[in-house]
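In: Prediction below, plus the sequence it came from.
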Amino acid sequence: MLGYRTTAFVGLVLEKAANNCDIIKEISKIPEVLECHYTTGNWGILVKVMCHDNDELMKVLYERIQTISGVSRTETFISLDQQIERQVAV
């Protein structure tokens with residue numbers, strides 16, 4: 001409806017876990033980032049990104065996320081379609 005057609009999940013591999021707070025501060029400045037999670041496994045941080053198209057996603061990745069000091073590399077998964085969306089039942 002608003003023209004945001006590309007949703008992606010980006011795993012951030014960090015140089016050091018000690019940089020987490022500084023990296024989160026920089027991530028929070030990127031308006032296309034909707035969610036940010038500390039994770040276990042291969043990535044230190046997983047973010048959900050929403051962009052107008054793949055070109056905008058590429059700019060966000062290359063110019064904003066991958067330039068953050070302490071981010072070693074990223075791994076990106078583009079969502080093809082969302083099948084389930086719900087809130088936790090209370």
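Out: Everything's here; your move. Residues are numbered from 1 along each chain as shown.

In: Output the lowest mean pLDDT helix or strand found in this structure.
Out: helix 20-27 (a mean of 94; mean pLDDT, DSSP states H and E).

In: which residues does the residue nearest the centre of the chain bridge with?
Out: Nearest residue to the geometric centre of the chain (CA atoms, centre = their mean): V47, 2.8 Å. As for beta bridges, V47 partners with V10, C36 under DSSP bridges.

In: in the protein, which ranges drop under the pLDDT threshold?
Out: 1-2 (pLDDT under 70).

In: Which parts of it are strands?
Out: All strands of the chain, identified by DSSP state E, fall at 6-14, 33-38, 45-51, 71-79.

In: Would you convert these into TSV that also reports distance to E85?
Out: In short, each C-beta sits where N, CA and C put it, glycine included. Listed next are the strands of the chain as TSV, based on distance: least, CB to CB, whole Å:
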stretch	distance to E85
strand 6-14	11
strand 33-38	13
strand 45-51	13
strand 71-79	12
